[in-house]
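1. next come a sequence and a model predicted from it.
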Amino acid sequence: MDAAEFKAVRDAVRRLVREDVVPREDEIEATDAVPDAVRRKAVEMGLFGYTLPEEHGGLGATLHEDVQLAFEFGYTTPAFRSMFGTNNGIAGKVLVNAGTEEQQRRWLPRLAEGAIASFALTEAEAGSDPSGLTTRAVRDGDGYVLNGVKRFITNAPIADLFVVFARTGEQSEGTKGISVFLVAADLPGVSVGPKDHKTGQAGAWTAEVFFDDVRVGAGALVGGAEGAGFGAAMKSLIRGRIHIAALCVGMAERILEESVAYAAANKQGGRPIGEFQLVQAMLAEIQTGVLAGRAMVLDAAQKYDSEEDRRIRPSATKLYCSEMVSKAADLAVQIHGGMGYMRGTVVERCFRDARLFRIYEGTSEIQKLIVGRALLKGAGQKGVQ
């Protein structure tokens, strides 16, 4: 997109978020669902495929453009972005990066038009470290038979397509021998458990997914080659970490806005609490985090697009921004006092919603290991685990 075209898209997204989604945040929280009218508008705007290639119906947004939209998505409930986040991120990018032309032609236009893809990697003993993955795909004639259980799968209850990671061949542990398959949600043997009851992020559904003797053709193997699953997963997750960081910045900006407004209007002892220096100090901390996070995200996205750094910056940025937004939410609750602990207050909801950012798509601890190892390897140290 040229600058004028992208600005029009970003402005339209901002209007949609602030005029259609923000007024319905309490409804989304109460019903644990995004209204159909909001979903239709997101589809009409092209949000279900804005990072997918233009030749397949998407908008072809770069990561640098993606994160600027994510700043806007982050301003409201995470459930809104979650509807189409896997299409544009971890699931859709597996198809874009590793899918065959036939697989891309079959699925990418459908995703851009509003179908939903889910990224089915996580298992009970395979979270941030997929080496414990046990789901298996056994070759049978001209296809494969899949068996296994996936956990915490975003959008599973409404998915049309599961991007499933499974072991092929004899390798039973480690990251080798992991392949990835495209599994239609309506195939016999595919079933989805009840929605998970989470602390926050209401309306963003996750659930277990069961694969019981699910038969797929050889054409379901992404890229047509066994053993390429781990690389495909990591490539998608690395990009997704910068996107998640941008969402954190967007949420922190909302938290700051709410806190400034409350401090300016709410009084104690006849004075606005914003006149108290310790309240000003907390606002300053939130603002500093927002500015630093935004700068890190834009820099990381630019370096990702140019291929200058697809290792350290994505992890460092996700680490900083996810920790930053949690701290911002905690400070905001403190600024609001008792009201900050009451359901129905924006900062209380953000306090719960923000906590997940430090866990999914790689925990804070994993990001620290990635950065530390990369630095030491860059210095030529051998034997770094």
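-> Done, it's in.

2. quick check: residue 378 vs residue 117, distance?
-> Counting by CB to CB, to the nearest Å, the separation of residue 378 from residue 117 is 35 Å. The way it works is simple: take the backbone N, C-alpha and C, and place the C-beta from them, glycine included.

3. nope, residue 198 is what I was after
-> Using CB to CB, one obtains 21 Å as the distance from residue 198 to residue 117.

4. the more surrounded of the two?
-> Neighbours were tallied for residue 198 and for residue 117 using other CB atoms under 10 Å; the higher tally belongs to residue 117 (29 against 16).

5. give the contact list for the closest residue to that one other than its chain neighbours.
-> For residue 117, the nearest residue in space outside its immediate sequence neighbours is residue 91; the separation is 3.8 Å by CB to CB, 6 or more residues apart in numbering. The contact partners of residue 91, taken as CB atoms under 8 Å, 6 or more residues apart in numbering, are 117-119, 161, 163, 236.

6. what of residue 130?
-> With contacts defined as CB under 8 Å, 6+ apart, residue 130 is in contact with 121, 165, 175, 178, 230, 233.

7. tell me the contacts of the closest residue to the fourth one other than its chain neighbours?
-> Same thing as residue 178. In this structure, residue 178 finds its nearest non-sequential neighbour in residue 229, 3.9 Å apart by CB to CB, 6+ apart. If a contact means CB under 8 Å, 6+ apart, then residue 229 has 165-166, 178-180, 222 as its contacts.

8. what ranges does this structure have for its helices?
-> With DSSP state H, the ranges of helices along the chain come out as 3-15, 25-31, 36-44, 63-73, 78-88, 92-98, 101-112, 229-265, 277-305, 312-336, 346-354, 364-378.

9. got a markdown table for those helices, with distance to residue 209 too?
-> Output for the helices of the chain, formatted as a markdown table (distance: least, CB to CB, whole Å):
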| stretch | distance to residue 209 |
| --- | --- |
| helix 3-15 | 30 |
| helix 25-31 | 23 |
| helix 36-44 | 21 |
| helix 63-73 | 25 |
| helix 78-88 | 13 |
| helix 92-98 | 16 |
| helix 101-112 | 18 |
| helix 229-265 | 16 |
| helix 277-305 | 30 |
| helix 312-336 | 25 |
| helix 346-354 | 23 |
| helix 364-378 | 23 |
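
10. the ones you listed: which one's closest to residue 211?
-> Residue 211 sits nearest to helix 229-265 of all those, at 14.6 Å, using CB to CB.

11. any idea of the mean pLDDT in the closest one?
-> The predicted model assigns helix 229-265 a mean pLDDT of 97.

12. could you list the buried residues of that helix?
-> 229-230, 232-233, 235-256, 258-260, 262-263 (16 or more other CB atoms under 10 Å).

13. where does the stretch 201-350 of the chain dip in pLDDT?
-> For the stretch 201-350 of the chain, not a single residue meets the criterion pLDDT under 70.

14. so who does residue 82 touch?
-> Counting by CB under 8 Å, 6+ apart, residue 82 makes contact with 154-155, 201, 203-205.

15. in CSV: these, plus distance to residue 344 and neighbour count.
-> Supplementary listing: the contacts of residue 82 in CSV, determined by distance: CB to CB, whole Å; neighbours: other CB atoms under 10 Å:
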residue, distance to residue 344, neighbour count
154, 26, 26
155, 27, 23
201, 17, 23
203, 16, 22
204, 19, 25
205, 22, 24
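
16. closest one to residue 17 out of the residues you listed, please.
-> Using CB to CB, the shortest approach to residue 17 within those belongs to residue 203, at 14.3 Å.

17. now the closest one: how far from residue 102?
-> With CB to CB as the criterion, residue 203 and residue 102 are 35 Å apart.

18. can you tell which of the helices of the chain is closest to residue 136?
-> Between residue 136 and those, the tightest spacing by CB to CB is seen for helix 229-265, at 12.2 Å.

19. roughly how far is the closest one from the heart of the chain?
-> In this view, helix 229-265 has its centroid 9 Å away from the chain centroid, taken as CA atoms, centre = their mean, to the nearest Å.

20. that one to helix 312-336, inter-axis angle?
-> Angle between the axes of helix 229-265 and helix 312-336 is 30 degrees (criterion: axes from the mean of the first three to the mean of the last three CA atoms, to 10 degrees).

21. between helix 63-73 and helix 229-265, find me the angle.
-> When the same axes, to 10 degrees is applied, the directions of helix 229-265 and helix 63-73 differ by 40 degrees.

22. and the residue nearest to residue 117, how far is that from residue 118?
-> In this structure, residue 91 and residue 118 are 6 Å apart, going by CB to CB.

23. any shared contact partners between those two?
-> Where contact means CB under 8 Å, 6+ apart, the residues bridging residue 91 and residue 118 through contact with each are 161, 163.

24. coming back round to it: which of the contacts of residue 130 sits closest to residue 186?
-> Taking CB to CB as the measure, residue 165 is the one of those closest to residue 186, at 20.0 Å.

25. contacting residues around the residue nearest in space to the middle of the chain?
-> Central residue of the chain (CA atoms, centre = their mean): residue 244, 5.3 Å from the mean position. The neighbours of residue 244, taking CB under 8 Å, 6+ apart as the test, are 318, 321-322, 357, 360-361.

26. got phi/psi on residue 344?
-> phi 100, psi -10 (degrees, to the nearest 10).

27. how about the contacts made by it?
-> Under the criterion of CB under 8 Å, 6+ apart, the neighbours of residue 344 are residue 26.

28. make 654 the starting number, not 1.
-> Sounds good: first residue 654 from here, last item residue 997.

29. what's the distance between it and residue 664?
-> Applying CB to CB, the value for residue 997 to residue 664 is 30 Å.

30. check residue 804 too.
-> In this view, residue 804 and residue 664 are 39 Å apart by CB to CB.
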